[in-house]
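**Student:** Kindly return the folded structure for what I paste below:
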Amino acid sequence: MATSKITYNGGLRTTSVHERSGNEIITDAPIDNKGKGEAFSPTDLLATSLGNCMLTIVGIAAAEHGFNIDGTTCEITKIMAEGPRRVSEIIANLQFPENSYSDKVKLIIERSANTCPVFYSLHPDIKKTITFNY
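**Tutor:** Below you'll find the model as predicted:
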């Protein structure tokens with residue numbers, strides 16, 4: 001089974017449907033690349049996927065090791081480069097709820113986040129700046 005089906009709607013907008021669930025994501029070209037910027041751009045999704053993946057993998061580790069990360073947020077900043085146009089850096093700022101995490105738990109969190117599948121799937125030329133705030 002395919003993962004998703006993407007339809008070009010015109011006007012630099014696409015709709016992606018997750019085949020298993022039917023959930024939809026709309027993308028628009030960004031303002032700095034001839035678009036309206038009314039939704040995530042494809043490169044926004046690329047950068048955002050890193051934060052989603054890190055939180056998911058840390059959530060799995062939290063369940064396995066008996067600690068809680070509910071309410072944790074990750075703010076993503078995407079930096080673009082030219083020649084060719086591409087994502088050159090993703091800045092991820094993870095903010096954990098006040099929880100007095102032990103040094104051992106912090107190590108588990110950081111190792112989990114930095115070994116998520118998206119982290120490893122991104123091209124090595126993309127700089128990944130990750131900050132953990134406890």
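**Student:** who's the closest residue to residue 132 other than its chain neighbours bridged to?
**Tutor:** Residue nearest to residue 132 in three dimensions, not counting chain neighbours: residue 94, with 5.2 Å by CB to CB, 6 or more residues apart in numbering. Yep, even glycine has a C-beta here, placed from its N, CA and C like the rest. Assessed by DSSP bridges, residue 94 has beta-bridge partners residue 74, residue 132.
**Student:** what comes up buried for the helix ranked longest in the chain?
**Tutor:** For the chain, the longest helix by residue count, based on DSSP state H, is helix 42-65. Within helix 42-65, the residues scored as buried using 16 or more other CB atoms under 10 Å are 43-44, 46-51, 53-55, 57-58, 61-62.
**Student:** Report the two of those separated the most.
**Tutor:** 43 and 62 (29.3 Å; CB to CB).
**Student:** Strands along the chain, start to end?
**Tutor:** Along the chain, counting by DSSP state E, strands occupy 4-10, 13-18, 24-28, 73-81, 86-95, 127-133.
**Student:** Could you pull up the mean pLDDT of the fifth one?
**Tutor:** Translated: strand 86-95. Averaged over strand 86-95, pLDDT sits at 98.
**Student:** The shortest one too?
**Tutor:** The average pLDDT within strand 24-28 is 97.
**Student:** okay, it in PDB with CA atoms only?
**Tutor:** C-alpha atoms of strand 24-28 as PDB (Å, rounded to 0.1, in the frame of the first residue of the first chain):
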ATOM      1  CA  GLU A  24      -4.800  15.500   4.700                       C
ATOM      2  CA  ILE A  25      -1.900  18.000   4.600                       C
ATOM      3  CA  ILE A  26      -2.000  21.100   2.300                       C
ATOM      4  CA  THR A  27       1.200  22.700   1.100                       C
ATOM      5  CA  ASP A  28       1.700  26.100  -0.500                       C
END
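**Student:** Report the angle between the longest helix of the chain and strand 13-18.
**Tutor:** Angle, helix 42-65 to strand 13-18, by axes from the mean of the first three to the mean of the last three CA atoms, to 10 degrees: 30 degrees.
**Student:** How far does helix 42-65 sit from its chain's centre?
**Tutor:** 6 Å (CA atoms, centre = their mean, to the nearest Å).
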